[in-house]
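**Q** structure for this input, please:
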Amino acid sequence: MKQIVDKLVALEHDIVSEKGEFSLLALLLREDAGDKWDLLASAPWLEENQKASLDYLVNHLQSRLETQELLSLSLSLSLESSYLKKAIPF
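**A** Numbering: from 1, shown residues only. Okay, here's the model as predicted:
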């Protein structure tokens with residue numbers, strides 16, 4: 001798992017330099033999910049053109065992670081920043 005986290009950290013740095021900051025980028029393991037991890041992402045640039053931005057994120061994930069690593073991610077979500085601000089006051 002450390003190898004995946006290291007790759008995601010490097011990926012985050014590259015994306016931030018190209019697109020801007022994430023409001024949230026988290027890798028979570030739900031109790032009932034076995035070995036499947038949820039990748040949660042929120043960023044203003046994800047909201048601008050959702051399809052293109054999600055494609056961008058997925059393409060970068062696919063270029064960095066091995067097939068087995070990709071299979072260990074059960075879910076990628078683009079959460080709108082406005083929802084986060086309601087749930088988590090900044």
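
**Q** which pLDDT value goes with residue 83?
**A** pLDDT, residue 83: 57.

**Q** just the helices in the protein please.
**A** 2-19, 44-48, 50-64, 67-71, 81-87 (DSSP state H).

**Q** lowest average pLDDT across the ones you listed?
**A** The minimum mean pLDDT among these belongs to helix 81-87 (a mean of 58).

**Q** which outside residues touch stretch 63-78?
**A** 3-4, 7-8, 10-11, 33, 35-42, 46-47, 50, 53-54, 57-58, 61-62 (C-beta atoms under 8 Å, 6 or more residues apart in numbering). C-beta here means a position set from N, CA and C on the backbone, and glycine is covered the same way.

**Q** buried among those residues? Need that as a selection in ChimeraX.
**A** Buried subset of these, written as a ChimeraX selection, criterion 16 or more other C-beta atoms under 10 Å:
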select :4,8,11,37,39,40,41,42,46,53,57,61
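
**Q** tell me the centre residue of this structure?
**A** Geometric centre of the chain, nearest residue: residue 41, 4.0 Å, by C-alpha atoms, centre = their mean.

**Q** quick check, that one in contact with residue 24.
**A** Yes: contact criterion C-beta atoms under 8 Å: residue 41 and residue 24 qualify, at 6.8 Å.

**Q** picking up where we left off before, name whatever forms a beta bridge with the residue nearest to the centre of the chain.
**A** Per DSSP bridges, the residues bridged to residue 41 are residue 25, residue 78.

**Q** sorry, back to before: can you tell which of the helices of the chain is closest to residue 28?
**A** Residue 28 lies closest, by C-beta to C-beta, to one member of the helices of the chain: helix 2-19, at 12.1 Å.

**Q** quick one, that closest one and helix 50-64 angle?
**A** Angle between the axes of helix 2-19 and helix 50-64 is 140 degrees (criterion: axes from the mean of the first three to the mean of the last three C-alpha atoms, to 10 degrees).
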